[in-house]
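*Asks:* Build me a structure from this.
(one chain, ligands or ions: 1)
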Amino acid sequence: EQTGKSGYDHYMLKEIHEQPVSLRQCISGRVDELDGRITVEELDDVGAPETVQFVACGTSYHAALYGARLLRAAGIPANAYYAHEYATAPAPVSGADLVVGVTQSGETADTLSALREAGGRGAETLALTNVVGSTAARESDHVVYIRAGPEIGVAATKTFSSQLVGVNLLTARLAGRGVDRRRDLIDGLRGVPSDVQAVLDGSTAAAVVEEFVDATAFFFLGRGLDYPVALEGALKFKEITYEHAEGFAAGELKHGPLALVTSNTPVFAVITGDGEAARKTLGNVKEVEARDAPVVVVTDGAAEAGRYADHVLEIPRTDERLAPLLANVQLQLVAYHMAARLERAIDKPRNLAKSVTVE
Ligand code: G6P
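*Replies:* Numbering: from 1, shown residues only. Below is the predicted model:
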């Protein structure tokens, strides 16, 4: 088994380190540096949908939330839905809409049901998946493969980062000129593999978690595109450490979650980009600091966020649409190192399955 893990202690750590390669595969032939074009052959016969609806579960739902935000920013109405709810209470949908199932395995029962429901109502369907020939790939009108390679660890890592790239490609293709600063996006996408490598080489996550082994709960905050990453950071953390972890929309902090914040609840704040969102999340960081919570900021240097943190997990500067992907790699390492420190069953967490094929 050690051979399968290529010398890593766990498949999860191996797969985290495979990301520079899996991401390179995901963009290969799709992002052209010279002529500045983004081409996704599988989407050649997709028209211009009026709205895009994502359906997904678990980690893939977080990629869907991020994708919906990207599309809306590019001028296309889009929403993300939990597949289990969509299957029984679908959003209004017609032949002018595209419903995208985001599913690593292509076999998640809830996501398949949601796609079938949407198809039955006349929508065009698309599977964004990792597994060639999977049920979602076969049953959908269109399929885009994320090309992450096999993922063995139950906790999804490299497939999530490829899903984030996948929804960027989809957005660039569907929104055409609606996409702002296309050149920056292209440069950012081409730089993602080496930027992820830089995060892997320089991360201090292992030392940071050492400070918090006795904490009672762990909170993750983010806004805008950083919000789905905060949710994913918390999900990964709870899945493999068995510690209580929650992701919050930073702007909702004062409407409830703040009551939980104490000196024993470390707060991980994801703050990327130079915009208003980063500055506002920084304001939230100050609020939790005033309650004596230890603060770890995951940042590209936005709004000088590091000045207000007890610890900083740095990521390289890149296009602001892609910075959340890099921040997520730091949070993968946070979850992994805490779980390793607590000697959990990292590759096979209790009660969880890699693919949930029953509703
Ligand atoms: C299970 C896995 C998760 C995954 C979810 C959706 O719960 O443990 O890691 O995110 O299913 O899986 P899918 O294959 O549809 O992406």
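*Asks:* What strand or helix carries the nearest residue in space to residue 249 that is not next to it in sequence?
*Replies:* The shortest distance from residue 249 to any non-neighbouring residue, by C-beta to C-beta, 6 or more residues apart in numbering, is to residue 227 (5.4 Å). C-beta here means a position set from N, CA and C on the backbone, and glycine is covered the same way. Assessed by DSSP states H and E, residue 227 sits inside helix 226-241.
*Asks:* what lines up beside the next helix or strand after that helix in the sheet?
*Replies:* As assigned by DSSP H and E, the chain's next helix or strand after helix 226-241 is strand 245-249. Counting by DSSP bridges, the strands paired with strand 245-249 are strand 218-222 (parallel).
*Asks:* could you check the angle helix 226-241 makes with the strand it pairs with?
*Replies:* Put simply, strand 218-222 runs at 160 degrees to helix 226-241, going by axes from the mean of the first three to the mean of the last three C-alpha atoms, to 10 degrees.
*Asks:* how about the residues of the stretch 1-150 of the chain near the ligand?
*Replies:* When proximity is defined by C-beta under 6 Å from any ligand atom, the stretch 1-150 of the chain lies next to the ligand at 57, 58, 59, 60, 103, 104, 105, 108, 111.
*Asks:* give me every residue that touches residue 97.
*Replies:* 49, 50, 51, 52, 53, 118, 123, 124 (C-beta atoms under 8 Å, 6 or more residues apart in numbering).
*Asks:* Can you turn the buried part of those residues into a ChimeraX selection?
*Replies:* With 16 or more other C-beta atoms under 10 Å as the criterion, this ChimeraX line picks the buried residues out of these:
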select :49,51,52,53,118,123,124
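*Asks:* Quick check: the two most widely separated of the contacts of residue 97?
*Replies:* 50 and 118 (13.9 Å; C-beta to C-beta).
*Asks:* Check the gap between residue 75 and residue 171 for me.
*Replies:* According to C-beta to C-beta, to the nearest Å, residue 75 and residue 171 sit 10 Å apart.
*Asks:* longest single helix anywhere in the protein?
*Replies:* helix 182-202 (DSSP state H).
*Asks:* For burial, what's the neighbour tally of the residue nearest to residue 249?
*Replies:* Residue 227 has 26 neighbouring residues, counting by other C-beta atoms under 10 Å.
*Asks:* my read: it touches residue 80, true?
*Replies:* No. Counting by C-beta atoms under 8 Å, residue 227 does not reach residue 80; the two are 11.3 Å apart.
*Asks:* which residues do these two both contact?
*Replies:* Listed as contacting both residue 227 and residue 80 by C-beta under 8 Å, 6+ apart are residue 65.
*Asks:* for the nearest residue to residue 264 once chain neighbours are set aside, phi and psi?
*Replies:* The shortest distance from residue 264 to any non-neighbouring residue, by C-beta to C-beta, 6+ apart, is to residue 216 (4.7 Å). Torsion angles at residue 216 (phi, psi; degrees, to the nearest 10) stand at phi -90, psi -30.
*Asks:* any idea how far residue 216 lies from residue 267?
*Replies:* 13 Å.
*Asks:* ditto for residue 307
*Replies:* Look at residue 307 and residue 267: by C-beta to C-beta, they are 16 Å apart.
*Asks:* So between the two, which is more surrounded?
*Replies:* residue 267 (27 against 10).
*Asks:* Just to check, the more buried one is in contact with residue 257?
*Replies:* No. Assessed by C-beta under 8 Å, residue 267 is found out of contact with residue 257, at 9.7 Å.
*Asks:* can you list residues touching both of these two?
*Replies:* Common neighbours of residue 267 and residue 257 (C-beta under 8 Å, 6+ apart) are residue 219.
*Asks:* related to what we said a few turns ago, what distance separates the helix or strand just after the longest helix of the chain from the centre of its chain?
*Replies:* For helix 182-202, the following helix or strand on the C-terminal side (DSSP H and E) is helix 205-210. Put simply, helix 205-210 sits 22 Å off its chain's centre (C-alpha atoms, centre = their mean, to the nearest Å).
*Asks:* Relative to the ligand, which residue of the stretch 151-300 of the chain is the closest?
*Replies:* The ligand sits closest to residue 156 of the stretch 151-300 of the chain, with a gap of 4.0 Å, by C-beta to the nearest ligand atom.
*Asks:* Over to residue 15: give its phi and psi.
*Replies:* According to degrees, to the nearest 10, residue 15 has phi -70, psi -30.
*Asks:* separation between it and the ligand?
*Replies:* 12 Å (C-beta to the nearest ligand atom, to the nearest Å).
*Asks:* now residue 148
*Replies:* For residue 148 relative to the ligand (C-beta to the nearest ligand atom), the value is 11 Å.
*Asks:* Wait, that residue touches residue 25, no?
*Replies:* Yes. Between residue 148 and residue 25 there is a contact at 7.4 Å, judged by C-beta under 8 Å.
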